[in-house]
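# model this:
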Amino acid sequence: MKTRSLALAFVMLGTATAYAQAPGESYYAQPPGETAPAPIVVAPRPQVEPMADRFAVNLNLGGFSVAPADAPEGSETNFNLAELQLRFRATRRLEILLAFAGGRQQLENDQQGDLAMDQVTLGLRFNFRPAHHWNWYLMAGFGSTLIAPHDTPEELRDDLRRSHGVFGIGLEHRWQHFALSAELRGVSIEKKDDMYTTLPVDGAREPASLMDGRELGGGQFTIGGSYYF
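Now for the predicted structure:
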């Protein structure tokens, strides 16, 4: 009887110990000299590798509005705009760009006007989130602008060209090689006192309406796509 009681007590003690032990928990001591392996932490990969593809070709479409700096509000001349942009990434955040843009005057009745414009711009683009799919950036540059009648002879165009400065902000969504972007720029075109159409009218040189040499200011909004390679 005594032996049976002792056996029953050992069975009850073992059952209580099994219920008290957490799943996967062991009561065996760690062998001397051995330590638990350190956890391995894997850093997340960047969403985009900005230095893997350092060149980009960008095509933008949009509009450009310009007016003399001292003109009343609502006197802007509007142009449609297409721009081809070439970029090189010098660092993770900084890109060098060369842009060529052009377009025709757009009238209120959606017809084309007589004026045409073209621009050449050399600039820099600073990216704030180059390793993310969503990136916003600032850009600035300088170059030259030509606004003249679309049929102006080629030999007269250099006399009508003026220097400009630009500053802009943009938002880009990039996958790996392809990206879509929207950009807003401000443009300031220098004053040029001796600027005329150079087309003789009754033996004289007549100033053109928008090309009378006054300082010009304008804005440009474009939407476009880029290919990185």
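# Now name the helix or strand holding residue 171.
Per DSSP states H and E, residue 171 falls inside strand 161-174.
# May I see the buried residues of that strand?
Judged by neighbour count (16 or more other CB atoms under 10 Å), strand 161-174 contains these buried residues: 161-162, 164, 166, 168, 170, 172, 174. For glycine as for every other residue, the C-beta is placed from the backbone atoms N, C-alpha and C.
# same thing with stretch 67-84?
So for stretch 67-84, counting by 16+ other CB under 10 Å, buried means 67-68, 76-79, 81, 83.
# so what's the residue nearest to residue 86 when sequence neighbours are not counted up against?
Distances taken as CB to CB, 6 or more residues apart in numbering place residue 98 nearest to residue 86, at 4.9 Å, with adjacent residues excluded. Residue 98 sits next to 85-87, 120-122 when contact means CB atoms under 8 Å, 6 or more residues apart in numbering.
# right, and the pair among those residues with maximum separation?
87 and 120 (14.9 Å; CB to CB).
# Looking at those two, which has the bigger crowd around it?
residue 87 (21 against 17; other CB atoms under 10 Å).
# Just the residues contacting the helix or strand harbouring the more buried one, thanks.
Element membership of residue 87, judged by DSSP H and E, is strand 77-89. With contact meaning CB under 8 Å, 6+ apart, strand 77-89 is reached by 50-51, 54-67, 95-106, 113, 115-117, 119, 125, 147, 210, 220, 222, 224, 226.
# do that again at 6 Å, thanks
The contact list for strand 77-89, computed with CB atoms under 6 Å, 6 or more residues apart in numbering, reads 54-56, 58, 60-66, 95-101, 103, 105-106, 117, 210.
# about what we covered before: residues making contact with the strand holding residue 171?
48, 121, 133-146, 179-190, 192.
# and if we set it to 8 Å?
Contacts for strand 161-174 (CB under 8 Å, 6+ apart): 48, 119, 121, 123, 133-146, 179-190, 192, 195, 216, 220, 226, 228.
# Buried ones from those, can you make that a PyMOL selection?
Command for PyMOL that selects the buried part of the contacts of strand 161-174, burial taken from 16+ other CB under 10 Å:
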select buried, resi 48+119+121+123+135+137+139+141+143+144+145+146+179+181+183+185+187+188+189+192+195+216+220+226+228
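# okay, and for this structure, where does confidence drop off?
1-36, 41-45, 194-211 (pLDDT under 70).
# what about residue 177, how many residues close to it?
12.
# Could you find the closest non-adjacent residue to it?
Using CB to CB, 6+ apart, the closest residue to residue 177 is residue 228 (5.1 Å).
# Ok, residue 104 next?
Residue 104 sits nearest to residue 112 (CB to CB, 6+ apart), 4.8 Å away.
# ok, that neighbour - contacts?
Residue 112 is in contact with 104-106, counting by CB under 8 Å, 6+ apart.
# where's the nearest residue to residue 61 once chain neighbours are set aside relative to residue 73, distance?
Leaving out its chain neighbours, the residue that sits closest to residue 61 by CB to CB, 6+ apart is residue 82, at 5.6 Å. According to CB to CB, to the nearest Å, residue 82 and residue 73 sit 27 Å apart.
# Confirm for me that residue 160 is in contact with residue 154.
No. Taking contacts as CB atoms under 8 Å, residue 160 lies outside contact range of residue 154: 11.3 Å.
# Give me the more crowded residue out of these two.
residue 160 (19 against 6).
# any idea how far the more buried one lies from residue 148?
Taking CB to CB, one finds residue 160 at 5 Å from residue 148.
# Noted, bye for now.
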